[in-house]
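> fold the following, please.
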Amino acid sequence: MYLADHHIHSCCSPDSEAPLSEMLRAAQAAGLSDLCATDHCDLLDLDGGRVTGLDWAPILTQYQAARGDCPAGVKLRLGLELGGAPVDPDCAAAILSGADLDFVIGSIHNLSPAKGGKDFYFLDYTTPRACYEALDDYFDSLAQLVHLDCWDTMGHIIYPLRYMQKIPGHPVTLERYQDRLRALLTGVAQAGRAIEVNTWCGRTVTQWQPLLELYRDCGGELITLGSDAHRPEDVGKGIAQAQELLRTVGFRYFTVYHRRTPQFIRL
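Down below sits the predicted model:
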């Protein structure tokens, strides 16, 4: 089985302390054949302030060093998780021009600037109304992202649920968003881009089945897989199970990227 984890974070992300070399060794120990480093670059900070650039030097220096000492049997690729591109598409394009990348995840981690721009992690989800207001804004941002060309896979589409569903007493679902999701996934498929099955370190594999079924019904074919690991011990978690889920839904391939070009790997 060819196992590929195309969403991990190293110490070049503000929320990880792990050197890329340690993530690589963990990938080898987990039986992975393919690892893509996708450190964070968000155009809004945690409080909604604007970010206008990225210092590529530490990312590229670490990547080259790790590539020079890559464990046997593991292919290392260079990517980026680009958050909030609709805030400033020109800035997003300028940032991407700073490195020769294999892969870009397009993500939304913050409310829109019009709603204050705060990171979803820090929002108050104690009422269903607050949850659905945040989701309304989130899907508005994804609808804008789908029309941009600065990404290869749409990252963790069910992302806000990982925080909302921790709150007891009011289960939040995406049932009311089915029409918006269909339009979004149709747009992704027609643009020839991918969606990501993000396992959240193995926690959320089964939650992806309804979205994958809808994506397939919308003509979607390109799917990337990522653990979203921020620690070596989480690298590759849920990837094998995600591949099995893809088979169950009816997909025959998943996708890895080289120089921003999709490559199909048979399941």
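> now the most centrally placed residue in the chain: phi and psi?
Against the mean C-alpha coordinate of the chain, by Cα atoms, centre = their mean, the closest residue is Gly155 at 3.0 Å. Gly155 adopts backbone torsions of phi -80, psi 140, taken as degrees, to the nearest 10.
> could I get the contacting residues of it?
By Cβ atoms under 8 Å, 6 or more residues apart in numbering, the contact set of Gly155 is His7, Glu81, Ile105, Gly106, Ser107, Ile108, Glu196, Asn198, Gly226. Where C-beta positions appear, they are placed from N, C-alpha and C, glycine not excepted.
> can we see that at 6 Å?
Gly155 sits next to Ile105, Ser107, Glu196 when contact means Cβ atoms under 6 Å, 6 or more residues apart in numbering.
> residues near the nearest residue to it once chain neighbours are set aside, how many?
Nearest non-adjacent residue to Gly155, counting by Cβ to Cβ, 6 or more residues apart in numbering: Ser107, 3.7 Å away. Ser107 sits with 28 neighbouring residues when counted by other Cβ atoms under 10 Å.
> so Ser107 sits against Gly83, correct?
Yes. Under the criterion of Cβ atoms under 6 Å, Ser107 makes contact with Gly83 at 4.6 Å.
> check which helix or strand Arg129 maps to.
Element membership for Arg129 (DSSP states H and E) is helix 128-145.
> hmm, who's touching whichever helix or strand comes after that helix?
Downstream of helix 128-145, the next assigned helix or strand under DSSP H and E is strand 153-154. Strand 153-154 is contacted from outside by Ile105, Gly106, Val188, Ala194, Ile195, Glu196, Thr224, using Cβ under 6 Å, 6+ apart.
> not including adjacent chain positions, what is the nearest residue to Tyr63?
In space, and not counting its chain neighbours, Tyr63 is closest to Leu78: 5.2 Å by Cβ to Cβ, 6+ apart.
> that neighbour reaches Asp100, doesn't it?
No. If you go by Cβ under 6 Å, Leu78 and Asp100 don't touch, sitting 7.5 Å apart.
> sorry, back to before: now, the contacts of strand 153-154 that are in helices?
Members of the contacts of strand 153-154 lying in helices (criterion: DSSP state H): Val188.
> of the contacts of strand 153-154, which pair is most distant in space?
Ile105 and Val188 (12.9 Å; Cβ to Cβ).
> where does pLDDT dip in the stretch 101-250 of the chain?
Residues of the stretch 101-250 of the chain that meet the criterion pLDDT under 70 lie in 170.
> quick one, helices of the chain?
20-29, 57-68, 89-96, 128-145, 161-164, 178-190, 209-217, 239-249.
> closest to Asp119 out of those?
Nearest to Asp119 among those is helix 161-164; the distance by Cβ to Cβ comes to 10.0 Å.
> for that closest one, which outside residues touch it?
So helix 161-164 is contacted by Tyr125, Cys131, Val172, Trp200 (Cβ under 6 Å, 6+ apart).
> go again with 10 Å.
Contacts of helix 161-164 with the rest of the structure, by Cβ atoms under 10 Å, 6 or more residues apart in numbering, involve 120-123, 125, 128, 130-132, 134-135, 156, 170-174, 198, 200, 203-204, 207, 228.
> which among those count as buried?
120, 123, 125, 130-131, 134-135, 156, 172, 174, 198, 200, 204, 207, 228 (16 or more other Cβ atoms under 10 Å).
> so which of these belong to strands?
Residues of those located in strands (DSSP state E): Asn198.
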